[in-house]
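Undergrad: no letters, just coordinates:
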């Protein structure tokens, strides 16, 4: 009996740790995406300063979409714990 309860307690601890690792991986994608998105926008503004307003607007829309992915990863981690 004692062995079974110890195994269940260990399984609960491991599932919490796996959820934490899962959230870390879920944040990795949007982090890379934001880096590429912002870097390319700055590069585009440096090449053509006259379209800075359009590029900035498009960048902020893209940032919103990329951030949603990170939030979904966070919410999924909480839901499946």
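TA: Everything's here; your move. Only a predicted model underlies this, so the values are computations on that prediction, with no experimental measurement involved. Residues are numbered from 1 along each chain as shown.

Undergrad: which residues in the protein form strands?
TA: Assigned by DSSP state E, the strands in the chain number zero.

Undergrad: tell me where it has helices.
TA: 2-47, 52-79 (DSSP state H).

Undergrad: could the ones you listed be laid out in CSV, adding mean neighbour count and mean pLDDT?
TA: For glycine as for every other residue, the C-beta is placed from the backbone atoms N, C-alpha and C. Formatted as CSV, these follow (neighbours: other CB atoms under 10 Å; pLDDT from 0 to 100):
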stretch, mean neighbour count, mean pLDDT
helix 2-47, 12, 78
helix 52-79, 13, 88
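
Undergrad: isn't residue 56 up against residue 42?
TA: No: taking CB atoms under 8 Å as the definition, residue 56 is not a contact partner of residue 42, at 10.1 Å.

Undergrad: spit out the residues that contact the two alike.
TA: Counting by CB atoms under 8 Å, 6 or more residues apart in numbering, residue 56 and residue 42 have no contacts in common.

Undergrad: excluding chain neighbours, what is closest to residue 58?
TA: residue 41 (7.7 Å; CB to CB, 6 or more residues apart in numbering).

Undergrad: all set, thanks.
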